[in-house]
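Asks: Have a look at this prediction, sequence included:
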Amino acid sequence: MVDECCGLFTPEQREEEFLFRLAVNNINEDATILSRTKLVPQVKSIDYYDSFHANKRVCDLLEKGVVALFGPLSYSPSSAHTQSICDALEIPHIETRWDYKLHRDDLSLNLYPQPSVLSSAYVDLVKSWGWERFAIVYENNEGIIRLQNFFKDAQNFNWKIQLYQFEPGKPYRDTFWEVNKAKVTNVILDVKRDNLLLVLRHAQQVGMMTDSHSYLITSLDLHTMDLEDFKFGRTKITSLRIVDESSPEMMNIMGNWTKLTKRLNMPDVKKPNGILTESALIYDGIRLLSTALQDLDQSQSVDGIQPISCHSGSPWLYGSSLMNYMRPIAFRGITGLVDFDQLGFRTSFSLDVMTITIDGFIKIAEWKQTTNRNETNLTPMDNWNRHYSQVSMQNISLVVTTIISEPYTMLKESAIERSGNEQFEGFAVDLIEELSKLMRFKYRFKLVSDGAYGIKDDKGEWNGMIGELIRNESDIAIVDLTITSKREEAVDFTQPFMNTGISILFKKPTTKVTTLFSFLSPFQNIVWIYVLAAYISVSTILFVIGRLTPYEWDDPHPCRQEDNVLENNFSLINSFSFTIGTMMQQGSAVAPKAMSTRTIAAIWYFFTLIMISSYTANLAAFLTVEKVVYPIENAEGLAQQNQIEYGCLRSGSTKAFFSESNIPVYKRMWKFMQSRPRVFTASNREGIARVRKSNGNYAYLMESASIEYTIERDCNLTQIGGLLDNKGYGIATRKDSPYRNPLSHAILKLHENGVLLQLKERWWKQKKGGGQCTEETKKSSSVNNLSIDHVGGVFVVLLGGLSFSFLVAIFEFIWKARHDSNESVFEDMMKDLKFAFACQSKTKNVVKKQDMAYQGSEYDSPPNYGPDFASVY
Ligand code: GLU
C-alpha cells in the first residue's frame with residue numbers, strides 16, 4: 001500500500017525539505033513501523049503571500065490523494081488558507097510553526113511549543129538572573145505576544161521594562177543607540193532568525209556587547225548560527241533550544257549529513273551548525289504521523305489513499321480517525337519528548353538553556369514543563385554557576401573605590417612609603433582579597449576623590465563613591481557602605497556582608513552618683529520586706545513558744561516559795577527586743593532557757609549571720625563601684641533637649657535616614673541638626689574626636705558596627721540606647737552590573753564558611769588595641785543588688801528551724817504535764833495554750849499534782865492551795 005504525505009515549502013527551505021524527505025525515507029527503511037505501507041513524500045513549493053496560488057497547489061495535491069499535510073512553515077495568508085481547506089476536507093494538518101492561537105483546530109496538530117509556555121520559560125530565566133531593569137527589543141508585534149508573561153509579572157517582581165521596536169527600513173543600530181543611552185544592559189531580543197546575526201552585529205557596533213551586557217534571545221534557533229564573533233566578548237548571550245542534539249538519531253543525521261543528502265539527491269543542502277527547530281519538528285511530525293497510521297491500519301482496514309477534490313467538498317473518511325490516533329501518541333524524538341495534552345498542545349517537553357562561551361555554544365541549564373501546566377522548573381547545571389559567577393570575573397581587573405574609615409579601610413602605619421593596594425589594610429581590604437581569591441579577579445584600590453560615601457544633592461546628582469560608580473570611574477565600591485533604597489535606584493548592591501543600625505555614641509559621665517539611701521542598695525526591696533516579715537514572725541513565735549513551754553516559767557523570787565508564782569521572760573516586748581538585739585549583733589538581756597526557745601534563738605542567730613555577711617559584702621562592692629547616670633538614655637531623650645548637641649556624617653546614609661524619616665522624633669532631630677550645620681562631620685573619625693573632647697555636650701549618631709569598634713578601644717565612650725534602624729553593608733556595583741550576582745554568591749559563601757566572622761573578630765577584637773575596655777565593662781556590670789533568689793535558702797532554713805522548735809515545745813509541754821498535772825495532757829495543753837494566747841500576764845500559778853512536790857523545787861514540801869489556779873493578781 002502507498003500513502004502519500006505532502007510538505008509545502010518555499011524554494012529556500014531546503015534544509016526543512018531535506019529533513020522531511022529524510023524522515024519519510026527513514027520510516028520506509030524501518031521494518032518495525034508501517035511494514036505494509038510505503039510513505040511517499042510529495043513536496044510542493046508555494047508562495048506564502050500568494051494565497052490563490054497556494055490554494056491551487058494544495059487542491060492539486062489533494063486530488064492525487066494525501067494522508068497528511070505539512071506546512072507552510074510560517075504564519076501567512078497561505079497558511080490560513082491551507083488550514084481551512086484541511087479542516088473542510090478532513091485532511092490532518094501537521095504544523096511546526098509558532099502559532100499564538102489559544103485553540104487548535106480539530107484537524108490540526110502543532111508540534112511547536114505553545115507561546116505562553118515558552119514565555120514562562122523566558123520569565124523563569126530572567127527571575128533566576130535577578131534582572132530588575134531590562135529592555136525588550138523586538139522586530140514585529142508577534143514579539144510582544146511571545147513575551148506576554150513579562151508584562152503580567154512586571155508588577156509582582158518590580159521589573160522596570162523598557163520597550164524598543166526596530167523601525168522598518170532603519171538600521172538596527174539606531175535602536176541600540178537609544179538602549180545604550182538609557183544605560184540598560186540587560187536586553188531581551190526578539191527578532192527573526194534570519195536577521196539575528198545582523199542585529200547582534202549592530203549591537204556590537206554601538207558598544208552594546210561588553211562584559212556588562214546580557215542578552216536573552218527568544219529565537220529557538222540561535223544554535224544554528226555562526227557565533228564566532230561573539231565568543232570572546234564576555235557578553236552573556238543566552239537562548240533556549242528544543243532540538244535535542246544529544247539524541248542518537250540527531251547524532252546520526254549530523255554525523256552522516258553529506259552521505260544522506262547525496263542519497264536523497266539533495267547534495268546542495270550544506271551541513272548547518274545545528275538543525276533548525278522547524279526541520280527537527282517536521283522530522284518528528286513524520287514519525288508521529290507514521291505511528292498513527294500504523295495504529296489506524298491495525299484497528300480498521302484503510303483502503304489506501306483517495307483522491308479528494310476541493311470542489312466536491314466530500315471529506316476524507318479517515319482524516320478525523322487519524323487525528324484521534326495522533327493525539328495520545330508519546331515518543332522521544334529529536335525535539336525531546338513528543339506528547340500532547342487534551343487541547344492539542346505539546347506538553348512535558350524540556351528546553352536546553354544555551355549560552356555562548358569561549359568554548360562555543362554550551363548548555364548551562366534545563367527548563368522543564370511539568371505535567372501540571374502551571375508548574376515549571378529551571379535546573380541549572382554545574383557550569384551554570386561557573387558561567388554566572390567565577391568564570392565571568394576570572395582575570396578581570398576591577399577598580400575598587402573606597403574611603404578611609406576605621407576599621408574597614410585604613411592606611412597602614414609604617415616607616416616605609418607604600419603605594420598601590422599595599423598602602424591599605426582593614427576589614428574591607430581583607431574582604432576584597434578573599435573575594436578575589438575565590439573568584440580569581442584582580443583589583444586596584446582607589447580612594448574616592450571627594451571623600452564622601454554618597455548622597456544625592458538637590459539637582460539629583462550623586463556624589464562620593466556612588467557618584468563614581470555611576471560615572472563609570474570605578475567598578476565596585478567597598479567599605480562600610482550602607483545599602484539603602486535610594487542608592488539601590490542608582491547602583492546595585494550585593495548581599496550584605498555585615499548588619500548594622502544607627503545608634504548614639506556618647507561620652508561616659510565621670511561624676512559618681514550618691515543617694516541618701518544607698519545603704520539599702522545591697523538588697524532588693526523584696527528582700528528587705530522578707531527580712532522584716534521574718535523578724536516579726538520569729539519574734540511572735542518566740543513569744544508564743546516561750547509561753548507554751550513550761551521550762552520558760554520560773555519562780556521570780558526563789559526565796560519566797562510561798563508565793564507559788566511563776567514568771568515568764570518572753571513577754572511580747574522582750575521577744576521583739578531579743579530578736580532585734582541579736583540581729584544587730586548586740587545581744588540581749590533576756591536569754592532563752594527552754595530547749596525550744598533555744599532552738600529558735602539558734603536558728604535566728606544563723607539567719608542573721610548569713611544576712612549580715614551578705615549585706616556587708618555587697619555593700620562594700622556597691623560603695624567601690626561607680627554608678628554613672630547618663631543625661632540621655634535614647635534618641636527620644638536626645639530629641640527632647642537642646643543642651644547636648646548631636647550630629648552625624650555629612651554625606652552618608654545616616655544623614656539621609658534623618659532627612660527622609662517620617663517618624664516625628666527623627667524629624668525633630670533632623671530639624672535640630674539642620675539648624676546647626678556645625679554638628680555634621682566630614683568623617684566618623686572627626687565625630688568620635690568631637691565626642692571625646694565634648695565633656696558630654698555632643699552626641700554623635702553613628703552606625704553600631706563602628707560604635708562597637710570605637711568603644712572597644714576608647715573606654716570613655718559608650719553607646720546610648722538601641723538601634724534606630726536595621727540595615728546592612730554591601731558591595732556596590734554599577735546598575736545591572738554582571739559582577740553583582742557573582743559577588744553576592746561569593747559573599748554568601750564567605751558567610752557560610754565563617755570567614756566573615758573571623759575577619760570581624762580580627763579587626764574588631766584583636767587588631768589596633770581591641771579588647772581594651774572589656775574588663776572594665778565586666779566590672780561595672782557585676783555589682784547587682786541581691787535578690788530573693790540569692791538569699792532564699794536562708795529563709796527556708798529559718799522556717800525549718802521554727803517548725804522544729806514547735807515540735808520541741810510540744811514535747812516539753814507533754815513531758816512536764818505528765819509529771820505535774822492530774823488532768824489529761826490534752827486538756828492541760830488546751831488550757832495552757834489558751835493562757836499563752838491570752839497574752840494577759842507574764843506570771844502564772846504553780847501547777848502541781850496532789851501528791852507531788854512543788855514544781856521547780858525538789859526539796860520543798862507540797863503546800864495545799866486548794867483549787868488548781870489562783871491568780872496572784
Ligand atoms: N555607612 C554610611 C554610608 O554608607 C556612612 C556612615 C554614616 O552615614 O553613618 O553612607
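Replies: Sure thing, it's come through. Since the structure is predicted, the reported quantities are computational estimates derived from the model, not experimental observations.
Asks: For the stretch 51-200 of the chain, just list every one of the helices.
Replies: 51-64, 77-89, 115-129, 142-146, 148-157, 172-181, 193-205 (DSSP state H, counting those that start in this stretch).
Asks: can you redo these as JSON lines with mean neighbour count?
Replies: C-beta here means a position set from N, CA and C on the backbone, and glycine is covered the same way. Shown next, in JSON lines, are those (neighbours: other Cβ atoms under 10 Å):
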{"stretch": "helix 51-64", "mean neighbour count": "17"}
{"stretch": "helix 77-89", "mean neighbour count": "19"}
{"stretch": "helix 115-129", "mean neighbour count": "19"}
{"stretch": "helix 142-146", "mean neighbour count": "18"}
{"stretch": "helix 148-157", "mean neighbour count": "14"}
{"stretch": "helix 172-181", "mean neighbour count": "18"}
{"stretch": "helix 193-205", "mean neighbour count": "18"}
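Asks: give me the element the residue nearest to Arg263 when sequence neighbours are not counted is part of.
Replies: Spatial nearest neighbour of Arg263, chain neighbours left out: Asn25 (7.8 Å); criterion: Cβ to Cβ, 6 or more residues apart in numbering. If you go by DSSP states H and E, Asn25 is part of helix 14-29.
Asks: gap between stretch 420-438 and the chain center?
Replies: 26 Å (Cα atoms, centre = their mean, to the nearest Å).
Asks: now stretch 108-123
Replies: Using Cα atoms, centre = their mean, the offset of stretch 108-123 from its chain centre is 34 Å.
Asks: longest helix in the chain, by residue count?
Replies: The residue-count maximum for a helix in the chain (DSSP state H) belongs to helix 788-820.
Asks: buried sites along that one?
Replies: Across helix 788-820, burial judged by 16 or more other Cβ atoms under 10 Å covers 791, 794-795, 798, 801-802, 805-806, 808-809, 812-813, 816-817, 820.
Asks: what's downstream of that helix, the next helix or strand?
Replies: Counting by DSSP H and E, what follows helix 788-820 is helix 825-838.
Asks: which other helices and strands contact that following helix?
Replies: helix 525-548, helix 788-820 (3 or more Cβ pairs under 8 Å, 6 or more residues apart in numbering; DSSP states H and E).
Asks: comparing those helices, which gets the lowest mean pLDDT score?
Replies: Confidence, taken as mean pLDDT, is least for helix 788-820 of the helices and strands packed on helix 825-838 (a mean of 85).
Asks: Which strands and helices lie in contact with that helix?
Replies: Using 3+ Cβ pairs under 8 Å, 6+ apart: helix 788-820 touches helix 525-548, helix 595-624, helix 825-838.
Asks: Tabulate the ones you listed (JSON lines), appending distance to the ligand.
Replies: As requested, the helices and strands packed on helix 788-820 are exported to JSON lines (distance: least, Cβ to the nearest ligand atom, whole Å):
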{"stretch": "helix 525-548", "distance to the ligand": "42"}
{"stretch": "helix 595-624", "distance to the ligand": "38"}
{"stretch": "helix 825-838", "distance to the ligand": "74"}
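Asks: Chain neighbours aside, what residue packs nearest to whichever residue of the stretch 601-750 of the chain sits closest to the ligand?
Replies: Proximity of the stretch 601-750 of the chain to the ligand (Cβ to the nearest ligand atom) peaks at Gly652, 2.2 Å away. In this structure, Gly652 finds its nearest non-sequential neighbour in Tyr453, 4.5 Å apart by Cβ to Cβ, 6+ apart.
Asks: pLDDT score for Phe497?
Replies: If you check Phe497, the pLDDT there is 95.
Asks: How about Asn158?
Replies: Listed pLDDT for Asn158 reads 83.
Asks: Could you list the low-confidence segments of the stretch 301-450 of the chain?
Replies: Residue ranges of the stretch 301-450 of the chain with pLDDT under 70: 301-305, 370-376, 382-383, 385-392, 394-395.
Asks: Can you list the residue ranges for strands in the stretch 151-300 of the chain?
Replies: Using DSSP state E, counting those that start in this stretch, the strands of the stretch 151-300 of the chain run over residues 160-165, 186-190, 214-217, 236-241.
Asks: The ligand is nearest to which of these?
Replies: strand 160-165 (24.1 Å).
Asks: quick one on the thing from earlier: any idea how far the helix holding Asn25 is from the chain center?
Replies: Per Cα atoms, centre = their mean, the centroid offset for helix 14-29 relative to its chain is 54 Å.
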